[in-house]
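>>> Take this sequence and fold it.
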Amino acid sequence: GILMRKPKGHVLAVVGAQYGSEGKGVIVNYLANRYHVHVRTGGPNAGHSFIHKDRVWKMQVIPCGWTNPEAILVLGRGMLVNPEILLRELEAIREVDPTIDDRLIIDVQAGILDRSFHEEEGGTEGELHQRIGSTGEGVGVARIARIRRDPSRFKLAKDIADEYGLRRYLRENTPKLLQQYLKSGQNILLEGTQGSGLSLIHGPWPYVTSHDTNAAQLAADAGIPPMLVTRVLLVARTYPIRVAGNSGPLKNELTWEEISRRVGKQVVERTTVTNKVRRIGEWDEELLDNAITLNRPTSIAITFMDYLSPQDEGKTQWEDLSDTAKRFIRYVESRFQVQVSLIGTGGPNWNIVDRGFAV
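This is a model prediction of the structure:
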């Protein structure tokens with residue numbers, strides 16, 4: 001029989017372990033140079049933040065891996081692209097990297113999220129935000145329109161390319177293209193949005209997002225066969241958070257006053273997309289356990305170590321971490337039998353301790 005040759009490159013899926021906002025942007029940006037191809041699926045209801053060239057970037061459409069000047073950036077078929085946000089991001093990135101236009105690829109069948117969906121869902125004033133804490137960006141409404149298969153209501157990238165000047169970025173059949181990259185030895189990073197606990201299928205319905213958020217779904221949305229996703233990095237924060245409002249269960253919820261008392265300085269976080277104060281809770285073992293069950297990670301990143309152990313803020317070396325931090329990391333490793341390979345310590349540069357993340 002004919003044996004299929006094993007691809008030379010590998011695929012890594014980066015998945016949030018909780019309810020989103022785990023710091024995936026910082027982690028993906030940190031790993032950017034190790035991956036030649038960065039693929040984003042999901043929608044602009046998630047914003048990924050990181051620091052690059054002394055400024056904070058908040059990406060809602062373009063993969064965070066653009067900071068690698070060699071990287072190819074793919075907006076996959078399962079994506080919902082808001083063309084106005086995309087053009088805004090392109091303009092901002094061009095100022096620091098004019099090559100961005102040669103590196104961006106949009107699948108002709110990627111979905112389009114236009115203003116009408118946003119208006120229909122009503123943003124943070126809308127009924128869905130009031131009822132379940134949705135960002136109200138219109139992602140759910142757009143996905144429903146796609147499912148209804150109504151071309152007058154839902155558009156693909158190829159339908160609006162000329163209107164927004166996006167023709168040059170379009171490519172047919174990105175799943176085939178991605179496998180060609182793999183065969184030639186390039187590594188691919190799938191940048192997940194939101195978190196496992198927000199999955200439409202596996203989360204605490206109805207307090208969930210409008211799509212599955214786990215590794216298998218990232219592969220499906222990018223058109224990558226499941227057997228090719230051989231690595232999964234699960235990103236978890238020391239204190240999980242949810243978006244503002246009536247957004248669903250959060251075990252042992254805390255106030256920002258309490259967190260500030262523990263950290264020893266005033267701390268508050270707002271969501272990237274809606275700019276509302278987030279809800280925060282204690283470390284939730286069951287939540288992580290579920291994410292591990294659904295994603296079978298090959299490694300874990302733990303972020304916001306500076307909340308758990310303020311004396312570790314900004315540290316970059318394992319040796320320099322406090323006993324508190326080391327004990328916590330070792331506990332997680334022994335409890336879940338997965339290596340914690342990256343640790344986010346915050347500080348002005350949002351630093352990372354790398355314990356030998358294996359590419």
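
>>> drop to CA atoms for contacts and neighbour counts, all remaining ones
Fine.

>>> what bridges to the nearest residue to Leu170 once chain neighbours are set aside?
Computed as C-alpha to C-alpha, 6 or more residues apart in numbering, the closest residue to Leu170 that is not its neighbour in sequence is Ile106, at 4.8 Å. When bridges are called by DSSP bridges, Ile106 pairs up with Leu75, Leu170.

>>> Quickly note the distance from Ile106 to Ser116.
Distance of Ile106 to Ser116, computed by C-alpha to C-alpha, to the nearest Å: 22 Å.

>>> List the contacts of Ile224.
Ile224 makes contact with 175, 178-179, according to C-alpha atoms under 8 Å, 6 or more residues apart in numbering.

>>> Just to be sure, Val15 is in a strand?
Yes. Assessed with DSSP: H, G, I helix; E, B strand; the rest coil, Val15 lies in a strand.

>>> How many neighbouring residues does it have?
29 (other C-alpha atoms under 10 Å).

>>> thinking again about what came up before, was I right to think the residue nearest to Leu170 contacts Arg167?
No. Using C-alpha atoms under 8 Å, Ile106 is not in contact with Arg167, being 9.2 Å away.

>>> Which parts of the stretch 201-350 of the chain are helices?
215-222, 256-263, 285-295, 305-308, 323-336 (DSSP state H, counting those that start in this stretch).

>>> Serialize the ones you listed to JSON lines and add fields for mean pLDDT and mean neighbour count.
Shown next, in JSON lines, are these (pLDDT from 0 to 100; neighbours: other C-alpha atoms under 10 Å):
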{"stretch": "helix 215-222", "mean pLDDT": "98", "mean neighbour count": "22"}
{"stretch": "helix 256-263", "mean pLDDT": "97", "mean neighbour count": "15"}
{"stretch": "helix 285-295", "mean pLDDT": "98", "mean neighbour count": "17"}
{"stretch": "helix 305-308", "mean pLDDT": "97", "mean neighbour count": "22"}
{"stretch": "helix 323-336", "mean pLDDT": "98", "mean neighbour count": "14"}
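
>>> possible to save the ones you listed as a markdown table with distance to Ile201?
Output for the helices of the stretch 201-350 of the chain, formatted as a markdown table (distance: least, C-alpha to C-alpha, whole Å):
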| stretch | distance to Ile201 |
| --- | --- |
| helix 215-222 | 11 |
| helix 256-263 | 30 |
| helix 285-295 | 11 |
| helix 305-308 | 30 |
| helix 323-336 | 23 |
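
>>> how about those helices, which one is nearest Leu75?
Closest approach to Leu75 among these is made by helix 215-222 (8.4 Å; C-alpha to C-alpha).

>>> picking that back up, compare the helices of the stretch 201-350 of the chain and give me the one nearest His202.
Across these, His202 has its closest neighbour in helix 285-295 (8.5 Å, C-alpha to C-alpha).

>>> and for that closest one, what are the contacting residues?
Applying C-alpha under 8 Å, 6+ apart, the set of residues contacting helix 285-295 is 17-18, 196-197, 214-216, 232, 234, 236, 336.
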